[in-house]
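**Student:** structure for this input, please:
(chains A and B)
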Amino acid sequence: MIARTSSGRLALSDLHAVVTTRFPTVTVEVGEAGATWLRVAPAEWLAVATFLRDVPALCLDSLMCLSGVDLSAVAPAVAPKAGTPKAPVAEPSLVCVYHLHSLSLFHRCTVKVFTARDAASVPSIENIWPVGGYFEREIFDLFGVDFPGHHRLERIMCPDDWIGHAGLRDYVYPTAYNGIALKREGQRFEDGPYMDPAPTDAVKKKAAP
Amino acid sequence: MTVEAYTPDGELMTINMGPHHPSTHGVLRLVLQVDGEVVVRCKPDHGYLHRSIEKIGEFLEFPQFVPYTDRVDYVCSMNSNLAYCQAAEALFNAAIPGAITVPERAEYIRVIFGELNRISSHLVAVGALAMDMGAYTPFLHGIGQREGVNDIFEKTCGARLTHNYVTIGGVANDLHAGAEADIAAFCDECEREMVRFNRLITGNSIFKNRLGGVAVVDREAAIAYGLVGPNLRASGVDFDLRRDEPYGYYNRFTFAVPVGAAFAGANGVVGDCYDRFVVRCLEIVESIRIVRQALKLIPPAAAKADDAVGGWQVDAGKILRKPPRGEMYHRVENPRGETGYYLISDGGKKPYRIKIRTGSFTAMSIFEDLAPGLMISDLVAVIGTFDIVVPEVDR
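**Tutor:** Next up, the predicted model:
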C-alpha cells in the first residue's frame, strides 16, 4: 500500500531551519551514521518545546519516545593506541533524547537536552506532551534527573526506598535490599543464597522502635 | 476528557486493585480512592515486573539480546523480536549502506508470522475483555484459535510463547514443511471463527450497552497521552505505521486501517471502550488478508540460507563482530501499538544503550486522568480495552 503523505511535510533540514531561525541558540548537530538532532539548552527547552508543538508548520504533536542516556562511558571515536591515556569525555554526561512526530504532517524530529551529571535538571514538558510525565518519572528513577514542574516526580520502576539510580553506567548493584540478600557478581546458583553479614542502615532504621 | 465532573459526597475509601487482581492481566496495582463504587482518584503503581531489561541489554552483544525482547511482551513475542532486529538492521544499514540485506523470503516470513502473532494477541485481548465483563465463553473461542497460531509457530521454531525466531539478518530457520498449507487452513478457520465470535459477543446488545459510551478518550487526549495502535485508531486518528511509515515489506500489501466510528450505535461515542474492542476485531480480519497476500507472494525456499530471494537468513557475523557507531530510533506497529527501539552503539560489540518504548507504558499514563468518575467495574473495562500487558509497562 502506498504510504500517505502530506503537503505540509517538511524535510529535516527545513524543519531545523524553522527552529534555528526562531531560536538562534539552538544548534543542529550531526552524529555518526547520519543521525541529526537539535541541541537545546535546558533553560530554553520549554519555549522551544511549545514552539515545536504549536507552530502550524511544525505541529509536532506526538512525543514518540523520551530516553535518558548516560554518556559518561562512551568509547572515544578512534581507539587510542596502547600506552596513550584515554581521551577525556568533553560532553556533559547526561542527555534526555526527545523523539517527536507529527500525526498530521508526518515529519519527525529529534531533540537532545544535555545536562550535567551532578545536579541534573531539565524542565518538565508534562504540560506540553502529557505522556512525557511518565517518561520523566522513568528517567528520574533510573538516571536521577530532576524535572522541575512535574506534578508528582516519584520513582516508577524501583521501590521508593531504593538507593541509587540503576540506569547510570557506574551504578553498583547492591548486595542487599532491606535485609533481602541479592545476587553478587560471580555468585553461582549452586553456592546457595548470599547473606549479607551486616544489616544496612535502612534495615537498622526500620528495626529501631 | 469528556468524563463528567463528579463531586464526591460520601466517605472516601482507599482500596488496592491488584497486584493480584484477576482482571489486571498480570501484576498491575492501582491504588484507588473510591466513593462507594465511583473512583475519585486512581494512582497506578508499577514495577512489580521490572527486570531492568534495558540495562541487561548493555551487558549483552547485539544478537544475545533477542531472547530478552520476547519477555518484553510475551503475548506477541514475534513482533517484539522483529522490532528489535529491524532496529539493529536499520542502525547498521544507516552506518554502512547495504550492510545487511534480509532475503526476500525472510521478509515475507516476518510479515506472515508478525500478522499471525497479531491475530493471536488480539484474540487474547478481545476474549479476555469479554471474560472480564462476565462472558466466559468468548474467551474460550479466542484461546482456541490462538492454539492454531501456537501450533504453527511450534512446528516452525519449536516454541509456543517466547519464540526467539526473528534474528538480525532474517529468521532463525525456514518454515516447516507444509507450512503454507497449515497457515492457509488456519486463515480459513480463523475467518469462520471470527464470524461466530462476532455473532456471539460483538453484536450482542448487552455487551454493546455495557461498553458503549464508557471511558471515552477523544482524539486530542489520545494524541497527547501517547496512545498508540488500536487505542489511538479507536479514538478516530487514522494512523498505522504499517501503512504510513512502512517497514519491511508492508508497502506490498493492500489492507484497510479500521478507525473508531461510534460502533455501539445510539449510546456510542468515538473513542469509547466498545470502539477499542471493535477495532481489534476488525484488525484480525485485515491481518488475515495480509497473511493470504503474503502466502501468494512468498518465493519458494532456496537451497542456501543466504540466497537473496529464497533464503531466510544472511550471515551478519562480520558486522556484529565490529558494529558501527551511531544511533537509531526505529518503530514498528505491534498489536499494542507502536513499539520503538532506540539503539545507541559506540562501536563495541554490545549496544551502548537500548531504550524500549512500548504501547502499554504510554497507555498507563492516561489512567490517572481518565479514571476519576468511572465505576470500578468500568475501570476493569478500561484495562481490558487498552490491552495492557504488564511486562511491557515494567520491562
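
**Student:** contact residues of chain A facing chain B?
**Tutor:** Where proximity means C-beta under 8 Å from any C-beta of the partner chain, the interface of chain A facing chain B comprises A:1-4, A:31-35, A:61-65, A:67-70, A:73-75, A:77, A:97, A:99, A:103, A:106, A:110, A:129-131, A:133-134, A:155-159, A:166-167. No exception for glycine: its C-beta is placed from N, CA and C like everyone else's.

**Student:** now A:Arg155: closest residue in space, sequence neighbours ignored.
**Tutor:** The shortest distance from A:Arg155 to any residue other than its chain neighbours is 4.3 Å, reached at A:Asp141 (C-beta to C-beta, 6 or more residues apart in numbering or on different chains).

**Student:** so the one you found makes contact with A:Gly164?
**Tutor:** No - counting by C-beta atoms under 8 Å, A:Asp141 stays clear of A:Gly164, with 10.5 Å between them.

**Student:** what's opposite the residue nearest the centre of chain A in the beta bridge?
**Tutor:** Nearest to the mean C-alpha position of chain A, by C-alpha atoms, centre = their mean, lies A:Gly68 at 1.3 Å. Note on A:Gly68: beta-bridge partners by DSSP bridges are A:Cys96.

**Student:** I figured it was touching A:Lys112, is that so?
**Tutor:** No - with contacts defined as C-beta under 8 Å, A:Gly68 does not count as touching A:Lys112, sitting 11.1 Å away.

**Student:** overlap in contacts of these two?
**Tutor:** Both A:Gly68 and A:Lys112 are in contact with A:95-97, where contact means C-beta atoms under 8 Å, 6 or more residues apart in numbering or on different chains.

**Student:** redo these as a markdown table? Include pLDDT and neighbour count.
**Tutor:** Converted to a markdown table, the shared contacts of A:Gly68 and A:Lys112 look like this (pLDDT from 0 to 100; neighbours: other C-beta atoms under 10 Å in any protein chain shown):
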| residue | pLDDT | neighbour count |
| --- | --- | --- |
| A:Val95 | 90 | 21 |
| A:Cys96 | 92 | 26 |
| A:Val97 | 92 | 21 |
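
**Student:** tell me the one among those nearest to chain B.
**Tutor:** Nearest to chain B among the shared contacts of A:Gly68 and A:Lys112 is A:Val97, at 6.9 Å by C-beta to the nearest C-beta.

**Student:** tell me, how many residues neighbour the residue nearest to that closest one when sequence neighbours are not counted?
**Tutor:** Take A:Val97 and drop its neighbours on the chain: the residue closest to it by C-beta to C-beta, 6+ apart is A:Ser67, 4.6 Å away. Using other C-beta atoms under 10 Å in any protein chain shown, A:Ser67 has 26 other residues around it.

**Student:** do A:Leu103 as well
**Tutor:** Residues within reach of A:Leu103, counting by other C-beta under 10 Å, total 17.

**Student:** quick one, helices of the stretch 201-350 of chain B?
**Tutor:** Under the criterion DSSP state H, counting those that start in this stretch, helices of the stretch 201-350 of chain B are mapped to B:205-211, B:219-224, B:230-234, B:241-244, B:273-297, B:317-321.

**Student:** ok, back up a step: list the contacts of the residue nearest to the centre of chain A.
**Tutor:** Counted by C-beta under 8 Å, 6+ apart, A:Gly68 has contacts A:94-97, A:138-139, A:142-143, A:145, A:167, B:355.

**Student:** on that earlier part again, which ones among the residues of chain A next to chain B map onto helices?
**Tutor:** A:133-134 (DSSP state H).

**Student:** filter the residues of chain A next to chain B to the buried ones?
**Tutor:** Among the residues of chain A next to chain B, those classed as buried by neighbour count (16 or more other C-beta atoms under 10 Å in any protein chain shown) are A:1, A:32-33, A:35, A:61-65, A:67-70, A:74-75, A:97, A:99, A:103, A:106, A:110, A:129-131, A:133-134, A:155-158, A:166-167.

**Student:** can you tell me the helix or strand for the nearest residue to B:Asn164 once chain neighbours are set aside?
**Tutor:** Counting by C-beta to C-beta, 6+ apart, B:Asn164 lies nearest to B:Pro67, which is 4.8 Å off, once chain neighbours are set aside. Element membership for B:Pro67 (DSSP states H and E) is helix B:66-72.

**Student:** need the next SSE after that helix, C-terminal direction.
**Tutor:** Next along the chain from helix B:66-72, counting by DSSP H and E, comes helix B:77-95.

**Student:** show me where pLDDT drops low in the chain?
**Tutor:** As the question left the chain open, I've gone with chain A. Low-confidence segments of chain A, defined by pLDDT under 70, span residues A:1-5, A:78-92, A:183-200, A:202-204, A:206-209.

**Student:** could you do chain B instead?
**Tutor:** In chain B the weaker segments, taking pLDDT under 70 as the threshold, are B:1-10, B:22-24.

**Student:** in contact with B:Leu49, which residues?
**Tutor:** With contacts taken as C-beta under 8 Å, 6+ apart, B:Leu49 has the following neighbours: B:26-27, B:390-391, B:393-395.

**Student:** nearest to chain A, of the residues you listed?
**Tutor:** Lowest distance from chain A to the contacts of B:Leu49 (C-beta to the nearest C-beta) belongs to B:Asp394, with 6.4 Å.

**Student:** quick check, the closest one in contact with B:Arg51.
**Tutor:** Yes - here B:Asp394 reaches B:Arg51: they are 7.5 Å apart, a contact under C-beta under 8 Å.

**Student:** out of those two, which sits in the busier spot?
**Tutor:** Neighbour tally, B:Asp394 and B:Arg51, criterion other C-beta under 10 Å: the higher count belongs to B:Asp394, 23 against 14.

**Student:** now that one: how far from B:Phe253?
**Tutor:** When C-beta to C-beta, to the nearest Å is the yardstick, B:Asp394 and B:Phe253 sit 34 Å from each other.

**Student:** quick one: the strands in chain A?
**Tutor:** Along chain A, the stretches classed as strands by DSSP state E are A:27-30, A:36-40, A:62-70, A:94-101, A:108-115, A:176-177, A:180-181.

**Student:** how about those strands in TSV, adding distance to B:Gly57?
**Tutor:** TSV is the format used below for these (distance: least, C-beta to C-beta, whole Å):
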stretch	distance to B:Gly57
strand A:27-30	25
strand A:36-40	22
strand A:62-70	13
strand A:94-101	16
strand A:108-115	21
strand A:176-177	22
strand A:180-181	25
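
**Student:** out of these, which is closest to B:Val102?
**Tutor:** When these are compared by C-beta to C-beta, strand A:108-115 sits nearest B:Val102, at 23.2 Å.

**Student:** so which elements touch the closest one?
**Tutor:** Other helices and strands packing on strand A:108-115, by 3 or more C-beta pairs under 8 Å, 6 or more residues apart in numbering or on different chains; DSSP states H and E, are helix A:12-22, strand A:36-40, helix A:45-54, strand A:94-101.

**Student:** 7 Å instead?
**Tutor:** Here strand A:108-115 is seen to pack against strand A:36-40, strand A:94-101 when contacts are counted using 3 or more C-beta pairs under 7 Å, 6 or more residues apart in numbering or on different chains; DSSP states H and E.

**Student:** now B:Pro67: how far from chain A?
**Tutor:** B:Pro67 sits 19 Å away from chain A when distances are taken as C-beta to the nearest C-beta, to the nearest Å.

**Student:** wait, B:Ile96
**Tutor:** As defined by C-beta to the nearest C-beta, B:Ile96 lies at a distance of 8 Å from chain A.

**Student:** ok, and the closest non-adjacent residue to that residue?
**Tutor:** B:Pro324 (5.7 Å).

**Student:** ramachandran coordinates for the one you found?
**Tutor:** Here is the backbone geometry of B:Pro324 (degrees, to the nearest 10): phi -80, psi 160.

**Student:** quick one: contacts for it?
**Tutor:** B:Pro324 makes contact with A:33, B:92, B:95-96, B:345, B:347 under the criterion C-beta atoms under 7 Å, 6 or more residues apart in numbering or on different chains.

**Student:** the same query, at a cut-off of 8 Å, please.
**Tutor:** For B:Pro324, the set of contacting residues under the criterion of C-beta under 8 Å, 6+ apart consists of A:32-33, B:91-92, B:95-96, B:99, B:345, B:347.
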